[in-house]
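In: sharing a sequence plus its predicted fold:
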Amino acid sequence: MTNETLFVSTHRPAPQLRDGTYTVTVRQDLTIRGQAKGLRAVSKRFVVAGDHRALAPEDVVSVFPPEGSLGDHANVLPHVLLGRGTLPWEQTGGGDTSDLPWLALLLFDEDDQVDTAVLTLAEIAALPEFGDEPPMVGQRDDDRAVVLGVPRGRLAELIPTAAELSLLTHVRQKVVAGRAEGAELAAVLSARLPRAGRTSTAHLVSVAGRYRDGAFDLGTGDVVHLISLKSWRFACVQDGPGFAGIAESLDRTPATVSLPALGRPSVDPYLTRGFVPLPHHLRQADRTVSWYHGPLSPQRAADPGPTGLLPVRAADALLRVDRDNGMIDVSYASAWQLGRLLALRSKRFSTAYGNWRQARRRAHHVGGQVTPVPVLRAVGTADPTPPEVVGTWLAGLNRLTDVPFNYLVPDERMLPAESLRFFHLDPWWIRCLLDGALSLGRVTEGDVAYDREHLADLGAQRYPVVSGFLIRSALVSGFPGMLIDGYDVPVPENGDLTGLTPMTALPARRLSENVLLCLFTGDASTLHLHLRPETLHFGVDHDSNAPTGWRKLLRNDAGKLKKGRGVPVRWRQVSLAGTARPVEQVVDVAALAGDIGSPMTPARFAKEMIEGVPSVLFRRS
């Protein structure tokens, strides 16, 4: 099954009512035996309040380049996706009833002198650009909006003409198996390319009623004010890698969460299995070095591990000694002790679990020889099912929630900067972690025997195979919308995923600003890193032989690139004080559309400008 994108030039709401207060009058005429009976007319008032000074947060689906990202975006025409397909045409950019969109996307870099202020509507009404606007129904003078102050000359260089504004706005919808599915999304593009080596800020601005005779009305002042509805920042690195470049350069040696072998037969078997030698302070204040490994194992481990060992009274019961070299393995003892500490730290869990455990044991021993521990409050008949808070907390522990990072990756060399590592979740490590959490109230041998008989399976879930990967990279912070799919079946060498079903993924967790942990229920052998489909973006192609250094390669009706060198990209020509000059980095959209061919529509222009969604495949081997 293949997914495509349908581009639509416009989607105007119909019927369309302008802002204002309306009255609907309903009258019913009734005739009985030739005599007219007059019935009282009923009138109802309603208000249409299309606010062009603010957008609801849910109206913005996504932006590209991603907010806060760092990469080579020099060829990208930034865009914003809106969740309602009719939104750009619910107002008009013209001063009449024209179908001109009322939204424009402007891009500023750190060298532009742009003032940003949050003003009340009363203060906005005092500005010359908004003084003639009638008050909006339902708004108050102390409501606030973000206002930009842009030098008149600079705005003349950046603001699109009416014809360009129409070309830069379109509607898209996902097509699955030849049928349109899902919500319509409206896209608004900027005509300016980001400058390399600069931080850029994009502003989605309202231009409602600001166009006259096909051009934006700049007024007569030195500064022009605009309402900013949405803004975000990103950085463009000189010749820096984009999403695919960063992903493809990730360090994957070794492929698993382990230290590289040192060439020493006595040590290498431990290192390749994810062990790390760590300082160990013994109870008698002696010091030694012991082996430790976390739950992220390079090899697939067998469940349930040593049978009959759990539950235990103390972590010492899980210490293991290597008879060949006399070193202690503290891995499972550490997991048990960590589980106990995490349980004690969670007051909600420890209280609910303790009360339920006491009530359950009390019910089991009523009439028996063992005197139950008194229950502090009435809990009724013991429910064999633990309280919801207990089940939820244990389920989170199964997914390593709240497990400190140094328990997962005990040595930073196991996950260096810009690296990716595969792993299998060690089910025995998790079982020990859970047993430590469930050891609250376990003091005597009788407690151990009771837990072995009645609580052995609590929280354990008899795991299916769980695998995953850790990534430490600028991808995590720079592309927060990144998607990861796992596959446990062979993927063709050409990367064709058609017909393959991704594995079930557990919720991914950001362990820090640039570290991401992903888990899959199954044996993931291939990972597919990609951006969301809505990040299908627009841009131009680098060509050192073109006058501006950029060219646009053309596409056929199927969206495939045509053979040939495409058309050159030209900069917009702006005439100020009688002198025409090009504005670098600002694409002459009208000229580009004319060079591509006619008839040109917003849908065709969008289809020609798409650059696709970058993606990268990783195989565990």
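Out: Alright, I've got the coordinates.
In: from here on, just use CA atoms for contacts and neighbour counts.
Out: OK.
In: in the stretch 251-400 of the chain, which spans are helices?
Out: 268-271, 331-345, 347-365, 388-398 (DSSP state H, counting those that start in this stretch).
In: what's the most buried one of those?
Out: helix 331-345 (a mean of 21; mean count of other C-alpha atoms under 10 Å).
In: give me the contacts around that helix.
Out: 291-294, 314-319, 349-350, 402, 428-430, 432-440 (C-alpha atoms under 8 Å, 6 or more residues apart in numbering).
In: which of those residues fall within strands?
Out: 291-292 (DSSP state E).
In: buried among the contacts of helix 331-345? Make that a ChimeraX selection.
Out: Applied in ChimeraX, the following selects the buried portion of those according to 16 or more other C-alpha atoms under 10 Å:
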select :291,292,293,294,315,318,349,350,428,429,430,432,433,434,435,436,437,438,439,440
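In: and of the helices of the stretch 251-400 of the chain, who's closest to Asp222?
Out: helix 388-398 (58.5 Å; C-alpha to C-alpha).
In: what's the separation between Pro295 and Trp429?
Out: Using C-alpha to C-alpha, to the nearest Å, Pro295 is found at 6 Å from Trp429.
In: center of the chain - which residue?
Out: With distances taken as C-alpha atoms, centre = their mean, Gly481 lies nearest the centre of the chain, 2.9 Å away.
In: how far away is that residue from Ser512?
Out: 16 Å.
In: before we move on, what about Leu103?
Out: 36 Å.
In: so the two - more neighbours on which side?
Out: Leu103 (26 against 12; other C-alpha atoms under 10 Å).
In: and the more buried one, how far is that from Gly214?
Out: From Leu103 over to Gly214 (counting by C-alpha to C-alpha), the distance is 15 Å.
In: over to Tyr332?
Out: 73 Å.
In: do the same with Leu425
Out: Counting by C-alpha to C-alpha, the gap from Leu425 to Gly214 is 62 Å.
In: quick one, domains of this structure?
Out: What automatic domain parsing lists as the domains of the chain is 57-244+536-617, 268-402+426-455.
In: bridging residues for Ala145?
Out: Each beta-bridge partner of Ala145 is listed here: Leu119, as defined by DSSP bridges.
In: residue contacts, it?
Out: 53-54, 118-121, 227-229.
In: which residues of the stretch 151-300 of the chain fall in strands?
Out: Counting by DSSP state E, counting those that start in this stretch, the stretch 151-300 of the chain has these strands, from start to end: 169-176, 179-189, 198-206, 211-212, 215-216, 223-236, 276-281, 287-292, 296-297.
In: so where's the stretch 201-350 of the chain shaky on pLDDT?
Out: 238-241, 302-308 (pLDDT under 70).
In: correct me if wrong: Glu181 contacts Lys174.
Out: Yes: contact criterion C-alpha atoms under 8 Å: Glu181 and Lys174 qualify, at 5.7 Å.
In: among those two, which residue is more densely surrounded?
Out: Neighbour totals were compared for Glu181 and Lys174, and Lys174 leads with 19 against 14 (other C-alpha under 10 Å).
In: for that one, which non-adjacent residue is closest in space?
Out: Using C-alpha to C-alpha, 6 or more residues apart in numbering and skipping residues adjacent in sequence, the residue nearest Lys174 is Thr5, 4.7 Å away.
In: mind pulling the model confidence for the one you found?
Out: Listed pLDDT for Thr5 reads 75.
In: could you check how far it is from Val171?
Out: 10 Å.
In: so between these two, which is more surrounded?
Out: Val171 (25 against 17).
In: what sits against the more buried one?
Out: Val171 neighbours (C-alpha under 8 Å, 6+ apart): 7-11, 85, 184-187, 603.
In: if I look at the closest residue to it other than its chain neighbours, how far off is Leu296?
Out: Of all residues not flanking Val171 in the chain, Ala186 sits nearest, at 4.3 Å (C-alpha to C-alpha, 6+ apart). According to C-alpha to C-alpha, Ala186 and Leu296 sit 43 Å apart.
In: kindly report the same for Ile471.
Out: 13 Å.
In: repeat for Ala255
Out: Ala255 is 12 Å from Leu296, by C-alpha to C-alpha.
In: also Ala285?
Out: Distance from Ala285 to Leu296, counting by C-alpha to C-alpha: 30 Å.
In: who's more crowded, the two?
Out: Leu296 (27 against 8).
In: quick one: residues contacting that one.
Out: 257, 274, 408-409, 423-426.
In: filter those down to the ones in helices?
Out: In this view, the contacts of Leu296 that belong to helices under DSSP state H are Leu408.
In: buried by neighbour count, from the contacts of Leu296: which ones?
Out: 257, 274, 409, 423-426.
In: Val616: neighbour count?
Out: 17.
In: that one and Ala244 touch, don't they?
Out: Yes: counting by C-alpha under 8 Å, Ala244 is a contact partner of Val616 at 6.3 Å.
In: which neighbours do the two share?
Out: Common neighbours of Val616 and Ala244 (C-alpha under 8 Å, 6+ apart) do not exist.
In: in stretch 191-206, what counts as buried?
Out: 191-196, 198-206.
In: which two in these are spaced the farthest apart?
Out: Ala196 and Ser206 (27.3 Å).
In: re earlier: neighbour count and distance to Gly594 for the contacts of Val171 - can I get that in CSV?
Out: Shown next, in CSV, are the contacts of Val171 (neighbours: other C-alpha atoms under 10 Å; distance: C-alpha to C-alpha, whole Å):
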residue, neighbour count, distance to Gly594
Phe7, 22, 19
Val8, 21, 19
Ser9, 19, 17
Thr10, 23, 20
His11, 17, 23
Gly85, 23, 26
Glu184, 21, 28
Leu185, 24, 26
Ala186, 27, 23
Ala187, 25, 21
Ala603, 19, 15
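In: for those residues, give me JSON lines that also has distance to Phe520.
Out: Below are those laid out as JSON lines (distance: C-alpha to C-alpha, whole Å):
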{"residue": "Phe7", "distance to Phe520": "35"}
{"residue": "Val8", "distance to Phe520": "38"}
{"residue": "Ser9", "distance to Phe520": "40"}
{"residue": "Thr10", "distance to Phe520": "41"}
{"residue": "His11", "distance to Phe520": "40"}
{"residue": "Gly85", "distance to Phe520": "35"}
{"residue": "Glu184", "distance to Phe520": "31"}
{"residue": "Leu185", "distance to Phe520": "31"}
{"residue": "Ala186", "distance to Phe520": "34"}
{"residue": "Ala187", "distance to Phe520": "34"}
{"residue": "Ala603", "distance to Phe520": "39"}
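In: now do Ala382, the pLDDT please.
Out: Value for Ala382, per-residue pLDDT: 50.
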